[in-house]
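**Student:** Quick one, structure for this:
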Amino acid sequence: MAGIRNYWMNIFMLPISAVHEIDRLCRSFLWGEKNNRSKFHCSSWSQVSLPKAMGGLGFKEGCLWNKVLLAKYLWALSSKQDVLWVKWIDGVYLKGKSIWDYHLKSDVSWYWRKICYLRESFFLARIWRLRLLMKEQVGFAKAVWSSITVPRHRFILWQAVVGHLLTRDNLARFHIEVGSVACPWVIWKNWLNGKPKSVMHRIYLSCLAASVYHIWCNRNMCYFSQVSYTPYSLVKMIKRTIKIRLQGRFSQKDLSKNCNLYDFVQLL
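**Tutor:** Numbers count the residues shown, from 1 in each chain. Reported below is the predicted structural model:
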């Protein structure tokens, strides 16, 4: 859906109601929905909309992203690019003037009117770009979003790293009664800092993500259903998940070329 939205946002200024509805559907897909509202979550939409390198999920904030995408037309007109439609606009409307000095008339097409209205938003787009450049990149992005890791495990690991996983201490911050707020989470962020240096390093991080995911699921079973897996069963599930993932990501030929990878898979 986001891809379809971006395609039309490259062409038109979509109605605000449609943009807000698409954003609502994206939030419902991300967090789940109950009674036509997103389920409880700690992450704000502004953080989710940040690039992954800056600690977000890479979603785009609808209204602002629409203006940013259309601002490229203003840039093309401002720089007088050697494009047919720019030459046509310059000959029919601008008459050799700059787009910034043009005074909008009443007898112009609705599309040209929309582009002219974007001149104020063009500076907003530049501010948005500067805001991103000023924001520091996080050190865990490459480790959390490794392509070897199962997508669902990446999402849970991201929430754990940024401190937004729905653990008891986080729920207590919102005055939700959960009994004891003690949660057996350890600080292992230092393991995720920096870019993974090898395939085996990425696999180890994938094992970490799988461990966090399965322990999280087992913790929820303990709290809500009073049922728990044994440590042996948990380890077996984690090993099976990693083995299936690696066999799907690497062919037998790739495994035979990398002795360490082949031995690791055989041990699972």
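
**Student:** Now do the helices in this protein.
**Tutor:** For the chain, helices defined by DSSP state H occupy the ranges 2-9, 16-31, 45-48, 62-78, 84-89, 110-134, 141-144, 151-162, 168-173, 199-225, 231-249, 252-257, 259-267.

**Student:** Tell me which residue lies nearest the centroid of the chain.
**Tutor:** Nearest to the geometric centre of the chain sits L57, at 1.9 Å (Cα atoms, centre = their mean).

**Student:** Quick check: which ranges of the stretch 1-150 of the chain have low pLDDT?
**Tutor:** 1-2, 36-38, 121-135 (pLDDT under 70).

**Student:** rerun at 80
**Tutor:** Applying pLDDT under 80 to the stretch 1-150 of the chain flags the ranges 1-3, 31-43, 45-46, 120-138.

**Student:** So what's the residue count around the residue lying closest to the residue nearest to the centre of the chain once chain neighbours are set aside?
**Tutor:** Of all residues not flanking L57 in the chain, V48 sits nearest, at 4.8 Å (Cβ to Cβ, 6 or more residues apart in numbering). All C-beta atoms are positioned from the backbone trio N, CA, C, and that covers glycine. A total of 20 residues lie near V48 under the criterion other Cβ atoms under 10 Å.

**Student:** just checking, V48 touches K60?
**Tutor:** No. Judged on Cβ atoms under 8 Å, V48 makes no contact with K60 at a distance of 9.9 Å.

**Student:** Any figure for the gap between the residue of the chain positioned farthest from its centre and T230?
**Tutor:** Distance from the C-alpha centroid of the chain, by Cα atoms, centre = their mean, peaks at K95 (43.1 Å). Distance, K95 to T230, by Cβ to Cβ, to the nearest Å: 79 Å.

**Student:** on that earlier part again, report the contact partners of the residue nearest to the centre of the chain.
**Tutor:** Under the criterion of Cβ atoms under 8 Å, 6 or more residues apart in numbering, the neighbours of L57 are 30, 48-50, 158.

**Student:** Great, nothing more from me.
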